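**Student:** I would like the atomic coordinates for the input below:
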Amino acid sequence: MTAPAETASHAALPPEGPALLRPRGSNHVGMRQFNERVVLHAIRLHGSLPKAEVARLTGLTAQTIGLITTRLEEDGLLLRHERVRGRIGQPSVPLALNPDGAFSIGIKVGRRSADWLLVDFTGRVRQRESITYPFPDAQSLLPTLGRRLGDMISGLGPLSARLVGVGVAAPFWLGGWHRMLGLSAAQSDTWNQVDLGAEVQKQSPVPVSFAKDASAACVAELVAGRGQDLKSFLYLFVDTFVGGGLVINSQPHWGVHGNAGAVASLPLQAAQPGAEPSQLITRASLWELEQRFLALGLDASAAYGERALEPPYAEQTAEWLANAATALAHCVISGTAFLDIEAVVIDGSLHGPLLLRLIEQTRRALDRYNWEGLWRTPVVEGSIGSDARALGGALLPLHANFAPDRDLFLKVAV
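**Tutor:** Model (predicted):
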């Protein structure tokens, strides 16, 4: 605005749900719907616009724009604002997206928490629900997902008819790296056998789509964050396990086998005989900070909040920051050597001030590298934060129902 995933990182688009853009006629339905979506896309990108400006941006005739906007108003997708007077010529009537025109729900299932976001047609979060746990238990969490989803839909009242879909964001292998998490093979296998998208679909009255959590977070940054200014960037999301995504020319790029942006598995040094190199996941994940706290008998959940920067946690956090920043810098320069990107965007589920410190220390760590032969890629802060995965999930059905490009998130100006 991202059916179970086809590969570990591919986010398949959901089937077309009950479209609010009504089919009209028989010979030109496809073109009419495409033009309606183009108009909605233009207004979404540029804010409230008069018809004349919509016509200029889209290249459609004034007559066509008049017909389209009338239909979209009848469908409840557009609103007329007050006339703008005091300019040369006739007063103009700006048109804007109707926030109540459509809704979607994003669900993030993580290794430490689950979130539900209700998002309106403008992309604004209307409602947020969260629960935390040491690790999700499938038998208890799956019914909870359905109950919370049902409560959120019921809370919409008559507007529930305008719910177009649900997007689920979760690690593709929720039971992956189970030895690091201290889980048994049986606990890991339980989640690896669960088709999470299909399980939520059983409890949902609207179509459900699935995306890997880091991919969903990258999509949220692309659509609602830095992607409005950056066309190509590597995205790093620091969570219980670090993850990432890649955007090339304003399109998420998954790669042939879903490896693009799969930074967790990046080795941090060359392999030696009989010695397996450590990976980025072991150095730049909040799991490692949790372990530091637990070793001192402290609360592991402090890794995700402001307590991480306060005594008695601060000393361990400082050590983790130094190690994580060094590892992330290695990731940044390695990516720069293979990708011609504008920036590296770092976001995460950690406390905002801690994220800023991590980014600053990563920048300083990059100073220690020899950049000869490379254009130095700037490192910038992400703009979404811990909501990124659930928000990315919520944007999937909105895109599938209302964006002109069925491929994911075309970001060229119209």
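**Student:** what's the next secondary structure element after the helix or strand bottoming out on mean pLDDT in the chain?
**Tutor:** Least confident helix or strand, the chain: helix 178-181 with a mean of 62, by mean pLDDT, DSSP states H and E. Counting by DSSP states H and E, the next helix or strand C-terminal to helix 178-181 is helix 185-192.
**Student:** chain center to the very next helix or strand once past that following helix: distance?
**Tutor:** The element immediately downstream of helix 185-192 (helix or strand, assigned by DSSP H and E) is helix 196-201. Chain-centre distance of helix 196-201: 19 Å, with C-alpha atoms, centre = their mean, to the nearest Å.
**Student:** what pairs with the helix or strand following helix 196-201, and is each one parallel or antiparallel?
**Tutor:** Where DSSP H and E defines the elements, the next helix or strand beyond helix 196-201 is strand 208-212. Using DSSP bridges, the strands paired with strand 208-212 are strand 163-170 (parallel).
**Student:** pLDDT on the strand it pairs with, on average?
**Tutor:** Here strand 163-170 scores 97 as its mean pLDDT.
**Student:** what comes up buried for that strand?
**Tutor:** By neighbour count with 16 or more other C-beta atoms under 10 Å, strand 163-170 contains the buried residues Leu163, Val164, Gly165, Val166, Gly167, Val168, Ala169, Ala170. Glycine gets a C-beta too; all of them are placed from N, C-alpha and C.
**Student:** Just give the closest residue to Leu391, not the sequence neighbours.
**Tutor:** Ala220 (4.3 Å; C-beta to C-beta, 6 or more residues apart in numbering).
**Student:** which SSE is the one you found in?
**Tutor:** Assigned by DSSP H and E, Ala220 falls within helix 213-224.
**Student:** how about stretch 111-123: buried residues?
**Tutor:** Arg111, Arg112, Ser113, Ala114, Asp115, Trp116, Leu117, Leu118, Val119, Asp120, Phe121, Gly123.
**Student:** can you check stretch 146-155 too?
**Tutor:** For stretch 146-155, a neighbour-count test (16+ other C-beta under 10 Å) marks Arg148, Leu149, Met152, Ile153 as buried.
**Student:** quick check, nearest of those to Ser215?
**Tutor:** Taking C-beta to C-beta as the measure, Ser215 sits nearest to Leu149 out of the buried residues of stretch 146-155, at 21.2 Å.
**Student:** how near is the closest one to Leu236?
**Tutor:** Going from Leu149 to Leu236 by C-beta to C-beta, to the nearest Å gives 30 Å.
**Student:** do the same with Asp120
**Tutor:** According to C-beta to C-beta, Asp120 stands 29 Å off from Leu236.
**Student:** Same check on Arg56?
**Tutor:** 38 Å.
**Student:** Who has more neighbours out of the two?
**Tutor:** Neighbour count, other C-beta atoms under 10 Å: between Arg56 and Leu236, Leu236 has more, with 30 against 14.
**Student:** any idea whether the more buried one is helix, strand or coil?
**Tutor:** State at Leu236, reduced to three classes by DSSP: H, G, I helix; E, B strand; the rest coil: strand.
**Student:** end-to-end on stretch 251-267?
**Tutor:** 26 Å (C-alpha to C-alpha, to the nearest Å).
**Student:** got the buried residues for it?
**Tutor:** The neighbour-count check on stretch 251-267 (16+ other C-beta under 10 Å) flags Gln251, Pro252, His253, Trp254, Gly258, Ala260, Gly261, Ala262, Val263, Ala264, Leu266 as buried.
**Student:** And for stretch 49-62?
**Tutor:** For stretch 49-62, using 16+ other C-beta under 10 Å, the buried residues are Leu49, Pro50, Lys51, Glu53, Val54, Ala55, Leu57, Thr58, Leu60.
**Student:** chain center to that stretch, what's the gap?
**Tutor:** 30 Å.
**Student:** which residues are in contact with it?
**Tutor:** 35, 38-39, 42-43, 46, 64-66, 68-69, 84, 92-96, 413-414 (C-beta atoms under 8 Å, 6 or more residues apart in numbering).
**Student:** Ends of it, what's the gap?
**Tutor:** 13 Å.
**Student:** ditto for stretch 152-168
**Tutor:** Terminal residues of stretch 152-168 are spaced 15 Å apart (C-alpha to C-alpha).
**Student:** could you show me where the helices are in the stretch 251-400 of the chain, in order?
**Tutor:** Counting by DSSP state H, counting those that start in this stretch, the stretch 251-400 of the chain has helices at residues 286-295, 314-338, 352-366, 388-402.
**Student:** mind checking which of those is nearest Gly373?
**Tutor:** Here helix 314-338 is closest among these (C-beta to C-beta), at 8.8 Å.
**Student:** Burial check on Gln127, number of neighbours?
**Tutor:** Neighbour number of Gln127 under other C-beta under 10 Å is 15.
**Student:** Quick one: low-confidence residue ranges for the stretch 251-400 of the chain.
**Tutor:** Across the stretch 251-400 of the chain, nothing is flagged by pLDDT under 70.
**Student:** hmm, back to that, keep only those of the buried residues of stretch 111-123 that are in helices.
**Tutor:** Per DSSP state H, helices hold no members of the buried residues of stretch 111-123.
**Student:** Could you tell me which of those belong to strands?
**Tutor:** Ser113, Ala114, Asp115, Trp116, Leu117, Leu118, Val119, Asp120 (DSSP state E).
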